[in-house]
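Q: Quick one: sequence and predicted model below, then my questions.
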Amino acid sequence: MKITSSEFVISAVKPNQYPDGGLPEFALAGRSNVGKSSFINKMLNRKNLARTSSNPGKTQTLNFYLINEQFYFVDVPGYGYAKVSKKEREAWGKLIEGYLTGREQLKAVLLIVDLRHPPTDDDVMMYDFLKHYQIPCIIIATKADKIPKGKWQKHLKVHWETLNVEKGDELILFSSETGEGKDKAWSALGKFLTL
């Protein structure tokens, strides 16, 4: 995928703020510090389009990024971060659930997990949620550069089994440092884009 343009459009907290125009959307879901912003920046060849933060739980809105004026990446609030009040977590939960189950433009969810660690209960719950609602899912296992290449398959197997990945779903090894998996990720996304 040749990126000719990418821009941050809006941070939305309710549906009437979502962009209209009917362009395809891909949501990025994952734990608070799993590297969603780094993934977006690497995929779009930008350094700081999506702001990375050392404070997990910073994204509290749906952040829409318009790519090539043809589709959106939508960064949703990270889950599983304890320092946020229960009330705030519930509000995010409703926001995310409403978006994922009710947004017609949503083509697929990129579930971002950390290759270094087995998927958390929250990761499993998110994957099960997507399967329950029959929302197409591409699993991206980030931070591959932090693990020796010889151990990649072993770590992938743990993710495959813990998440109980269904046939047809892709699990892609990714590194925002080296670009490993970038082409594979674009190819997986491309299947949902009839541009």
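A: Received it, and whenever you're ready, just let me know what you need. Residues are numbered from 1 along each chain as shown.
Q: partner strands of the lengthiest strand in the chain, parallel or antiparallel?
A: Taking DSSP state E as the criterion, the chain has its longest strand at strand 106-114. For strand 106-114, the paired strands and their directions (DSSP bridges) are strand 25-30 (parallel), strand 137-142 (parallel).
Q: Could you list every helix and strand in contact with the helix or strand just after the last one?
A: Just to be clear, that refers to strand 137-142. Next along the chain after strand 137-142, taking DSSP states H and E as the criterion, comes helix 152-163. Where contact means 3 or more CB pairs under 8 Å, 6 or more residues apart in numbering; DSSP states H and E, helix 152-163 is packed against helix 121-132, strand 137-142, strand 170-173. Every residue, glycine included, has its C-beta placed from N, CA and C.
Q: The most centrally placed residue in the chain pairs with what?
A: Taking CA atoms, centre = their mean, the centroid of the chain lies closest to Leu28, which sits 2.1 Å from it. On the basis of DSSP bridges, Leu28 is bridged to Asp75, Leu110.
Q: wait, doesn't it sit right on Val34?
A: No. If you go by CB atoms under 8 Å, Leu28 and Val34 don't touch, sitting 9.4 Å apart.
Q: Determine the residues that are contacts of both of these two.
A: Contact criterion CB atoms under 8 Å, 6 or more residues apart in numbering; residues shared by Leu28 and Val34: Ile112.
Q: Select the longest helix from this protein.
A: Longest helix in the chain by number of residues (criterion: DSSP state H): helix 86-102.
Q: Now do the residue in the chain sticking out farthest from the centre against Glu177, distance only.
A: Distance from the centre of the chain peaks at Gly150, with 25.8 Å (CA atoms, centre = their mean). Distance, Gly150 to Glu177, using CB to CB, to the nearest Å: 18 Å.
Q: do Pro119 as well
A: Taking CB to CB, one finds Pro119 at 21 Å from Glu177.
Q: neighbour-wise, which of these two wins?
A: Taking other CB atoms under 10 Å, Pro119 and Glu177 do not tie; Pro119 has more neighbours (23 against 14).
Q: give the contact list for the more buried one.
A: Counted by CB under 8 Å, 6+ apart, Pro119 has contacts Val113, Tyr127, Val158, His159, Thr162, Leu163.
Q: what does the model give the first one for pLDDT?
A: For Val113, the pLDDT comes out at 96.
Q: Likewise for the fifth one?
A: Taken from the predicted model, the pLDDT recorded for Thr162 is 96.
Q: Against Phe8, how distant is the closest residue to Lys184 other than its chain neighbours?
A: Leaving aside its sequence neighbours, Lys184 sits nearest to Ile172 (CB to CB, 6 or more residues apart in numbering; 4.9 Å). Here the distance between Ile172 and Phe8 works out to 24 Å (CB to CB).
Q: Same check on Glu97?
A: 24 Å.
Q: ok, these two, which is more surrounded?
A: Neighbours were counted for Glu97 and for Phe8 using other CB under 10 Å; Phe8 has more, 16 against 12.
Q: How about that one: what's its closest non-neighbour residue?
A: In space, Phe8 is closest to Tyr65, 5.6 Å off (CB to CB, 6+ apart).
Q: Please consider this matter closed, and thank you.
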